[in-house]
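Q: missing the sequence, but the structure's below:
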């Protein structure tokens, strides 16, 4: 029987909700380096992880943090790090290592103004394309964006689940506004939270091939120490994990790690729609901007304009199917972003209809207000 | 000896990988690998419980050939991965092999912090005074005046004394040996693995192909014999003046101190934190309140 008493509201900050989500998803290892505006995640986990039998460590820099995160995951523990732009730059090296070794882990980037030290305490969405392409070489990646405290909890759980299921690093993009906003949320009960753990091998150790293809394209993953001795390398490797120079094996491997993500598009590409059924004009937004956009859309509706919102939760792989559907339905798409058009260019890239794309880009370190978006909705 | 070599070949080498190995004939890496395997064998460690991590470079290829849990990480970062592995599963014996450039140039920061942190890890640094794999550029261990592909007029910088760097950074155990002293090397590696805390093993090795050739040090045999002539034991070195020690290699145990291991310290504070938290949770559960609602 439902106990309404249990569905209590709690007052949480975005960064705190990310911690709650990570712990609910089974994260038991965190390595990080202090940076604004992500530090609360470190601080809170340094309290909570020891209590839960997990491990917290503050490393000498973000390169080291990411190395430790990958190491812990290979030893069988769900692990994460959290940082902001300057640290995210340093993380790229070992992020690529996580991609090629197919090591599940979650990287939270609480975006602040850049480039370089930039604007340490101001919001931005300037790391979007870096999240997709920051580490070198063709690589698969999943990038999710949170827009509210409730998102911070549920999308963090989702990030861990996807990373475990697809054996891939998942980047969770937050921004300074979401990170430091406090609002009341109802967190789901433990039994309502679906947690996915990596599939472990059950064959005899001598049969185990750590990078062999299967119908999902995601090989079973053994941990160091559980009897399946195997080799892990950042070199392109064969299905046993040993370096290879064989063109066929190289091609096969690199295509598999990409196709395992595309096989999961239906599950991975998440969007939220608001008032889109009859919309003629719509906003495509993500992160804290999506909240301003929702307000603008509601105000526009009050003024008799058939406006809607397509909120992107998954930024990459770019949810082309959903975006395309609404580009065909509407005459105008407004894409507001706290950058110079990093997702706007993705929208333009997939646009094959007559839909006009209006980009609204703000890089002054201030969040985008509902009025700014509303102005577009009422004038286009 | 032959029998032990056979055990190593049969028990510890991987025979199902593609290449034979990437090392040049006469390379010291094979001697280090042999000593390492004999040490592990001598200690009776279970292969399932040993992790061998490496960075990038010639020494970085070592784990590929050995039948442990092995990981070939990114350049200079091996110790950070080892840290994560050890913290996530403290029951594992985690060995990390690095080159001189790997450990003290690109990985210098991780190296000194690992020493300061004192996690129960063993770092083996194969010091051949050059970046062999990329073509013989100068490294932080290249001697002053030496020629390399990036110091053709003679090197104008001074080399790190890697073992002393480790001592200064706070490593619990530091030893040095050379690839000439294969038995001594095995003994030192054994001690390093046995040591509770962060242990560093510097191995002076030869890269006759890159470093030796450009500096007229001869081939593998001459270089390795040179290490014999240059080496003095720690005990003997104590009675020598700095001038007499110029150009010498001090071999043996340079530091062996007992201090709290951070992994164990962490488990202690975590246990206390858990106990406290459990009390709070129990009290709150009585009132139907969940932990994260604070």
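A: That came in fine, so what should we check first? Worth saying up front: this structure is predicted, and the values here are computed from it rather than measured.

Q: number of residues surrounding residue B:271?
A: When neighbours are defined as other Cβ atoms under 10 Å in any protein chain shown, residue B:271 has 12 of them. Quick note: C-beta positions are derived from backbone N, CA and C, even for glycine.

Q: I misspoke; the intended subject was residue B:154.
A: Counted with other Cβ under 10 Å, residues neighbouring residue B:154 total 11.

Q: over to the one 5 residues further on?
A: For residue B:159, the neighbour count with other Cβ under 10 Å is 18.

Q: please enumerate the helices of the stretch 151-300 of chain A.
A: A:176-180, A:247-262, A:265-268, A:288-302 (DSSP state H, counting those that start in this stretch).

Q: which of those helices sits closest to residue A:168?
A: Minimum separation from residue A:168 across the helices of the stretch 151-300 of chain A (Cβ to Cβ) falls at helix A:247-262, 6.8 Å.

Q: looking at the helices of the stretch 151-300 of chain A, which is closest to chain B?
A: helix A:247-262 (9.3 Å; Cβ to the nearest Cβ).

Q: next one: the closest one to chain centre, how far?
A: Relative to its parent chain, helix A:247-262 has a centroid offset of 22 Å by Cα atoms, centre = their mean, to the nearest Å.

Q: now do the buried residues in it.
A: By neighbour count with 16 or more other Cβ atoms under 10 Å in any protein chain shown, helix A:247-262 contains the buried residues A:249, A:253, A:254, A:256, A:257, A:260, A:261.

Q: do stretch B:86-99 as well
A: B:86-90, B:92-99.

Q: any idea which helix or strand carries residue A:347?
A: For residue A:347, the element it lies in under DSSP states H and E is helix A:344-350.

Q: got a list of contacts for that helix?
A: By Cβ atoms under 8 Å, 6 or more residues apart in numbering or on different chains, the surrounding residues in contact with helix A:344-350 are A:284, A:318, A:320, A:323, A:324, A:327, A:333, A:335, A:337, A:357, A:359, A:361.

Q: what's the angle from the following helix or strand past that helix to helix A:288-302?
A: In the C-terminal direction, the helix or strand that comes right after helix A:344-350 (DSSP H and E) is strand A:356-361. Angle of strand A:356-361 versus helix A:288-302, following axes from the mean of the first three to the mean of the last three Cα atoms, to 10 degrees, is 130 degrees.

Q: adjacent strands (with direction) for strand A:356-361?
A: Strand pairing for strand A:356-361, using DSSP bridges, gives strand A:332-337 (parallel).

Q: count of residues packed around residue 188?
A: Since no chain was named, I'll use chain A. The number of residues packed around residue A:188, counting by other Cβ under 10 Å, is 15.

Q: chain B was what I was after
A: The burial count for residue B:188: 25, using other Cβ under 10 Å.

Q: which element, helix or strand, includes it?
A: Residue B:188 belongs to helix B:182-194 when assigned by DSSP H and E.

Q: over to residue B:280?
A: Going by DSSP H and E, residue B:280 is part of helix B:262-286.

Q: so for that helix, what gets flagged as buried?
A: For helix B:262-286, using 16+ other Cβ under 10 Å, the buried residues are B:262, B:263, B:266, B:270, B:273, B:277.

Q: for chain A, tell me which of those show up nearby.
A: When contact is defined as Cβ under 8 Å from any Cβ of the partner chain, the buried residues of helix B:262-286 meet chain A at B:266, B:270, B:273, B:277.

Q: residues of the stretch 1-150 of chain A that sit close to chain B?
A: Going by Cβ under 8 Å from any Cβ, the residues of the stretch 1-150 of chain A near chain B are A:5-6, A:8, A:10, A:12, A:16, A:20, A:23, A:29, A:31, A:47, A:49-53, A:55, A:57, A:59-61, A:63-77, A:79, A:93-94, A:97.

Q: show me where pLDDT drops low in the chain?
A: As the question left the chain open, I've gone with chain A. A:1-7 (pLDDT under 70).

Q: look at chain B instead
A: Within chain B, the ranges that satisfy pLDDT under 70 run B:1, B:287-294.

Q: how is it partitioned into domains?
A: The record's domain split for chain B, according to automatic domain parsing, is B:2-258, B:260-294.

Q: tell me which of these is the most buried.
A: Across the domains of chain B, the average number of neighbours (mean count of other Cβ atoms under 10 Å in any protein chain shown) peaks for domain B:2-258, which reaches a mean of 21.
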